[in-house]
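A.B. asks: sequence plus the predicted model coming up.
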Amino acid sequence: MTRLRAIFLTPAALVMLATLAVPLAIVAAYSFLSRGAYGGVEAPWTQENYVRLFDPLYGGIFLRSAWVSLLATAACLVLGFPLALFIARSGPRKNLYLALVILPFWTSFLIRLYAWMFLLRDTGLVNTVLVSLGAIHAPLPLLYNQGAVILGLIYGYLPFAVVPLYATLERQDPALLDAAADLGSSPWRALLRVTIPLSAPGLWAASILVFVPCVGTLSGLRSARRQQDRADRQSGAESVHRFARLAVRSGRVDRPDGGGDRDARPDASYQGGTPVTARRVRFTFGRSALPLYAACAYLFLHLPLAILAIFSVNASRFTVWEGFSLRWYRAMFADRALLESAANSLLIAVAATALATSIGTLAAYALWKKASAWLAGSLYLSLVTPEIVTGVSLLAFFQWIFRYLHLRLGMHTVILAHVSFSIAYVVLVVMARLRNFDVALEEAALDLGETEFGAFYRVTLPYLAPAIAAAAMLAFTVSIDDYVITSLVAGVDSRTLPMVIYAMARRGVNPVLNAVSTIVVAALGALIVISDRLRKA
Amino acid sequence: MDAVLELAQISKNFSKNSSVRPAVDRVTLAIPRGSFFSLLGPSGCGKTTTLRLVAGLEAPTAGEIRLNGRRIDRLPPYQRNVNTVFQSYALFPHLTVRGNVEFGLRNKRDTPVNGAGDRVRRVLQQLELAGKESRKPSELSGGERQRVALARALVLSPEVLLLDEPLSALDPQLRKQVRAELRDLQKKTGVTFLFVTHDQEEALSLSDTLAVMRAGRIEQTGPPAGLYREPRTKFVASFLGAMNWIGEIGIRPEAIRIWRAPAPPPALAATVVEIAFLGPVAHIITRLENGAAVTVQVPSGDSPHRPGESVYLSWNAADELRFSS
């Protein structure tokens, strides 16, 4: 039993050690070194970098980031709670409604960012419509201000609030609401005195899940500029800087990079919640207000991408409808760089998915046999580490190790990085299914003469098949969508689709990008739907 | 009779399709004030739905519910002066025993706070929960939880206390003890209890009045002894206590006498199949010549019969139960 477990655990432990623990240790060590004359790091040891951290300039950034994150977190809780309540009380359709919250966030964050640019910039759809209606004379400055940053954070992290809130609300015994009504509580009082107090764990989880990545992305992007100086300069690293600038040209607060949106994905495990009791809770407030609110929330979540899709078949280059045309799709297929990067992305995603799925499945099984605080801890750490930190530390690690091995950044480093951050998702999805696995089935197999490996291979693995397929789909979407980490560890020959999309977005709104976005969203959406079907099978 | 609660032709159909049998079908009941009234029936017969209709947790499709003569069937649950002890107890896990008991009082604006404190203390004492006020439901035993559920409802002095299988979550040993306590509590408080159960023993031993339900309808209402002795339908006869069916005639196991020698007609010849020892009594399971099984109840001390033995069965004609249908 223990030998099989050790063998299963080893690959994941090695990957996490090499791609998480060691790189983070290197970054920690670098943080005590001085800046070198040529961009590298050199002796002597110094705490100067930490002193600079408390410099009013940096302290101010952190305080501002914390304040904006706090506002965004509060907004996410207030906006997310009614939506979670609606989903939890919508009976047999609740899985569908939950998927609708999560779906747009499994699609490329770059494209989501771009969708908002498309709507809000000076010549964007909102301003164009308002001007043409004569409501305003000059375009409103909708982008590049604190309001836009908070809007972006809410848009990016609302599912992080909704999913844990839904998970607690869904578990609440409907009999408690019956009891509250029976004891004289009006629906509003029952909400205040029963539903909300009982949601405390979910509210905490939601606050942390929203606040931490908000702070991480806001301050992380700023600090990244410093870190970059320490790690040897790479063309890819440069783009992080630019990405941050693109996001917030006003420079007041850094725009979220959506980096944390990977964190939403493990929530897939929540989806498989217990089936709905066919119980109708009546006499609850807002029989029409709640669905109405939910409809608005869904519009907020889905409309930006839908508008992008509509304008991808617009004949005009500008935000004016001039009739249906596929010219942007034709232009897309004529773009060699674009197609090459798409091929690279596919190759990387397939390789990383295969590796991460195998390693992660074995690790999940081993962890299910017996918990390992070290491995579980490092997997969670890899989930919550901001992408920028992961990327920079991996880059520092590769630079350091390449001094001894004569290698260069390229496809292999990208694949290794993708395997590193996908394993945790695979483990989470597979573990979720193992939780419902009856140990007696394996014991029966052993009793009937199977070896431990035989029992795993002939009994447990077939049972896990749907979860493994779902995990693979998830790893694939995570991999094909990644920008920040990839751009840091990619070499000249390994530009991926998100990197090209980003470069295009940097040059401004381009209708070809609308077409690319639509195809990517549709393809990833289809993958997610398929993986969801598989998981339920 | 002074009825505190009346149900008149109450129906509840969960499906919009009228061809689907309603869960509750034209139920008419009058619950006497201060009585212990039980609704007895197999699972799925509509007894819990009936209770939820009274509580206001479901809205009736048709019919009227009157509390003290006032119609309440259109009122939301929080405006009805009836309270429920839920089957799972539905104690609020985030509140202490005291918090749970005070929950309803805090919703009533007309209750002065200091008077309420006395009431809470009295109810907690009555239910032997004194000293456990600051515990959370998760720190209580099954019996204690049940008492908190009772205290939480009783502290509001409901016109009718609705109990939805409150004993089913307890282990059998405790159940008998709590059953007696429940009966005492009802007598002491004088509150009308409407008790729902599928356990005929519970219903027979606790109730002043009993209504047997089947498939959404009331089969028969009356005092337990009356229903046992004079069941109006075959269903009631079978559901309350054991019943032998010999042709269309029903005879209770305790009404049959068993003989070794041929007894005078209308005795029937039978063969002993099995003897089941039940403590104070034993059941002798016999088979008639036509193959029907007949159970005879005898004191367990004197059972000289052995399986395979030929016996004769007889009974008094007065003990025969006949049903037209």
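C.D. replies: On my side now, so go ahead.

A.B. asks: from now on I want contacts and neighbour counts done on CA atoms only, so please keep to that.
C.D. replies: Noted.

A.B. asks: count the neighbours of the residue in the stretch 151-300 of chain A that chain B sits nearest to for me.
C.D. replies: The minimum distance from the stretch 151-300 of chain A to chain B, using C-alpha to the nearest C-alpha, falls at A:Gly184 (3.7 Å). Burial of A:Gly184 is recorded as 25 neighbouring residues (other C-alpha atoms under 10 Å in any protein chain shown).

A.B. asks: please apply the same query to A:Phe318.
C.D. replies: Neighbours of A:Phe318 (other C-alpha under 10 Å): 16.

A.B. asks: and the pLDDT for it?
C.D. replies: pLDDT, the model's per-residue confidence, is 77 for A:Phe318.

A.B. asks: and it, what helix or strand is that in?
C.D. replies: Using DSSP states H and E, A:Phe318 sits in no helix or strand.

A.B. asks: that one and A:Arg458, how far apart?
C.D. replies: Counting by C-alpha to C-alpha, to the nearest Å, the separation of A:Phe318 from A:Arg458 is 59 Å.

A.B. asks: thinking again about what came up before, tell me how many other residues crowd the closest residue to the residue of the stretch 151-300 of chain A closest to chain B other than its chain neighbours.
C.D. replies: In this structure, A:Gly184 finds its nearest non-sequential neighbour in B:Tyr78, 3.7 Å apart by C-alpha to C-alpha, 6 or more residues apart in numbering or on different chains. B:Tyr78 has 25 neighbours, counted by other C-alpha under 10 Å.

A.B. asks: and the residue of the stretch 151-300 of chain A closest to chain B, helix, strand or coil?
C.D. replies: For A:Gly184, the assignment made with DSSP: H, G, I helix; E, B strand; the rest coil gives coil.

A.B. asks: quick check on it: phi, psi?
C.D. replies: phi 100, psi 10 (degrees, to the nearest 10).

A.B. asks: need the pLDDT of it.
C.D. replies: The confidence metric pLDDT takes the value 90 at A:Gly184.

A.B. asks: please verify my assumption that it contacts B:Pro76.
C.D. replies: No: the criterion here is C-alpha atoms under 8 Å, and A:Gly184 misses it with B:Pro76 at 9.2 Å.

A.B. asks: B:Asp118 belongs to a strand?
C.D. replies: No: B:Asp118: not assigned to a strand; according to three-state DSSP it is helix.

A.B. asks: so for it, what's the pLDDT?
C.D. replies: Confidence score, pLDDT, at B:Asp118: 85.

A.B. asks: likewise for A:Leu70?
C.D. replies: 94.

A.B. asks: for it, what is the enclosing helix or strand?
C.D. replies: Using DSSP H and E, A:Leu70 falls in helix A:56-88.

A.B. asks: other SSEs contacting that helix?
C.D. replies: Here helix A:56-88 touches helix A:94-102, helix A:146-171, helix A:200-230, helix A:289-311, going by 3 or more C-alpha pairs under 8 Å, 6 or more residues apart in numbering or on different chains; DSSP states H and E.

A.B. asks: in a markdown table: these, plus distance to chain B and mean neighbour count.
C.D. replies: Below are those laid out as a markdown table (distance: least, C-alpha to the nearest C-alpha, whole Å; neighbours: other C-alpha atoms under 10 Å in any protein chain shown):
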| stretch | distance to chain B | mean neighbour count |
| --- | --- | --- |
| helix A:94-102 | 21 | 19 |
| helix A:146-171 | 13 | 24 |
| helix A:200-230 | 10 | 21 |
| helix A:289-311 | 19 | 17 |
